[in-house]
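**Student:** what follows is a predicted structure for the sequence shown.
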Amino acid sequence: MTYENLLALYQLPLFDLIDQSRAVHKEHWSAGEVQLCTLLSIKTGGCSEDCSYCAQSARYKSGVEAERLMSKELVMERALQARATGSTRFCMGAAWRGVRMGTQRFEQVLDIVGDVAKLGMEVCVTLGELGPEEASALKQAGVTAYNHNVDTSPEHYPNIVTTHTFEDRLRTIRHAQDAGMSVCCGGILGLGETIEDRLKMLEVISSFNPQPESIPINALMPMPGTPLAENAQVDPLDLVRMIAVTRIAVPKAKVRLSAGRTMLSDEAQSLCFYAGANSIFYGDKLLTAKNPAVEKDRNLLAKLGLGTQLPNPEMEAPACDPTQESSPACCGCDH
């Protein structure tokens, strides 16, 4: 969807916008279900990158200490706990620039993925940059989806990160798609961006061919010691607008209400669900940030009469649309 079309939607009166997003949501997601995902940091801190929102960067004095890669036994324990509390997707994140074939740590990750994949949940990982070989190895090991957010617009990205480029992000996304993995790709609101930046980010994401299987919409949780520690909280209604526009722009994607939920009232979260969100991170922690407790989430979903989606570990990645023009993150097919 073009920036001009996205802007026209965004500028609608809020209730008119939600009317449209709700109609799109009901057309494509009629069951009224929410996907429950658990996110686990399997390697925390000590990252060489300078993402200005991230407490895991070794460049900032955030209080987050560098840790080694978790043992497979501990990861499996946490994965079993997640499954027992109802999560259907288990996401594992590592604070690295990227992974490379033949390294010990990547072989360890592949071993962990193989065992987690046997639990019947969808398996998602976010490990930084991937080459084509690494992407293929992850797919073969059992990864369902690869998370790699673009964070913000191409224009604003250099103000947030300088150790890699926006094009580097797109390259990894393309490698994940070429390997047959679904892509989970979204952004963060509250990075000092403009409304134009938010919509240009969504223009890029909606132009992927194939489009992402899931889109996390995060609200910045300012972390002490990072350059963005003093940034203002995102207005909840701005978050609702972005979720509504995202639902319209990418109708078949799961739209995930992600970081920042601790700052939202039940009423604000309910409006996000009504506007088109149908996935949440579920559990007490998101990497290094707090997250609403399991019982609190369950109670809210029950009050709203929302069910939970079943896991689909055999889910096939979205197919390339041969009628859509190629994009920087196109799967690379000949169309």
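**Tutor:** Looks like it came in fine.

**Student:** so what's G192 up against?
**Tutor:** H156, N159, I160, L228, N231 (C-beta atoms under 8 Å, 6 or more residues apart in numbering). (Each C-beta comes from the backbone N, C-alpha and C, glycine too.)

**Student:** any idea which element the second one lies in?
**Tutor:** To tie it back to what came earlier, the one meant is N159. Here N159 sits within helix 157-160, counting by DSSP states H and E.

**Student:** cool, and the last one?
**Tutor:** Element membership of N231 [criterion: DSSP H and E] is none; it lies in no helix or strand.

**Student:** same check, this time on the one 10 residues further on
**Tutor:** Secondary structure assignment for R241, by DSSP H and E: helix 236-249.

**Student:** just checking, what packs against the next helix or strand after that helix?
**Tutor:** Using DSSP H and E, the next helix or strand after helix 236-249 towards the C-terminus is strand 254-257. Other elements packing on strand 254-257 under the criterion 3 or more C-beta pairs under 8 Å, 6 or more residues apart in numbering; DSSP states H and E are strand 33-43, strand 214-219, helix 236-249, helix 266-275, strand 279-281.

**Student:** to R59, which of those lies closest?
**Tutor:** Judged by C-beta to C-beta, the one of the helices and strands packed on strand 254-257 that comes nearest to R59 is strand 33-43, at 17.1 Å.

**Student:** tell me the buried residues in the closest one?
**Tutor:** For strand 33-43, a neighbour-count test (16 or more other C-beta atoms under 10 Å) marks V34, Q35, L36, C37, T38, L39, L40, S41, I42, K43 as buried.

**Student:** just the residues you listed now: which is nearest S207?
**Tutor:** S207 has its nearest neighbour among the buried residues of strand 33-43 in Q35, at 23.8 Å by C-beta to C-beta.

**Student:** wait, what's in contact with the nearest residue to the closest one once chain neighbours are set aside?
**Tutor:** In space, and not counting its chain neighbours, Q35 is closest to S279: 4.0 Å by C-beta to C-beta, 6 or more residues apart in numbering. S279 is in contact with V34, Q35, L36, C37, S214, K254, V255, R256, L257, counting by C-beta under 8 Å, 6+ apart.

**Student:** isn't the last one right next to A268, touching?
**Tutor:** If I follow you right, that is L257. No: judged on C-beta atoms under 8 Å, L257 makes no contact with A268 at a distance of 9.9 Å.

**Student:** compare the two (neighbour count), which wins?
**Tutor:** Using other C-beta atoms under 10 Å, the more surrounded residue of L257 and A268 is L257, with 25 against 16.

**Student:** show me what contacts that one?
**Tutor:** When contacts are counted by C-beta under 8 Å, 6+ apart, L257 touches I217, I243, Q269, C272, F273, A277, S279, I280.

**Student:** can you count the residues close to R78?
**Tutor:** Residues contacting R78 under the criterion other C-beta under 10 Å number 17.

**Student:** ok, Q56 - contacts?
**Tutor:** The contact partners of Q56, by C-beta under 8 Å, 6+ apart, come to S41, T44, G45, G46, C47, S62, V64, A95, L287, T288.

**Student:** tell me how many other residues surround the fourth one.
**Tutor:** Read it as G46. When neighbours are counted by other C-beta under 10 Å, G46 registers 15.

**Student:** grab the nearest non-local neighbour of it.
**Tutor:** Excluding the flanking residues, the one nearest G46 by C-beta to C-beta, 6+ apart is A66, at 2.9 Å.

**Student:** helix, strand or coil for that neighbour?
**Tutor:** coil (DSSP: H, G, I helix; E, B strand; the rest coil).

**Student:** does A31 touch G305 like I think?
**Tutor:** No: A31 lies out of contact with G305 (C-beta under 8 Å); the separation is 11.8 Å.

**Student:** more neighbours, the two?
**Tutor:** Shown here are A31 and G305; by other C-beta under 10 Å, A31 has more neighbours (10 against 7).

**Student:** which residues sit in contact with the closest residue in space to that one that isn't next to it in sequence?
**Tutor:** Nearest residue to A31, sequence neighbours excluded (C-beta to C-beta, 6+ apart): G307, at 6.8 Å. Listed by C-beta under 8 Å, 6+ apart, the contact partners of G307 are A31, G32, E33, V34, L301.

**Student:** so which of these sits lowest on pLDDT?
**Tutor:** Within those, the minimum per-residue pLDDT falls on A31 (84).

**Student:** what's next to stretch 164-172, contact-wise?
**Tutor:** If you take C-beta under 8 Å, 6+ apart as the criterion, stretch 164-172 is touched by 49, 97-98, 128-130, 135, 146, 148-151, 154, 157-158, 204, 328-329.
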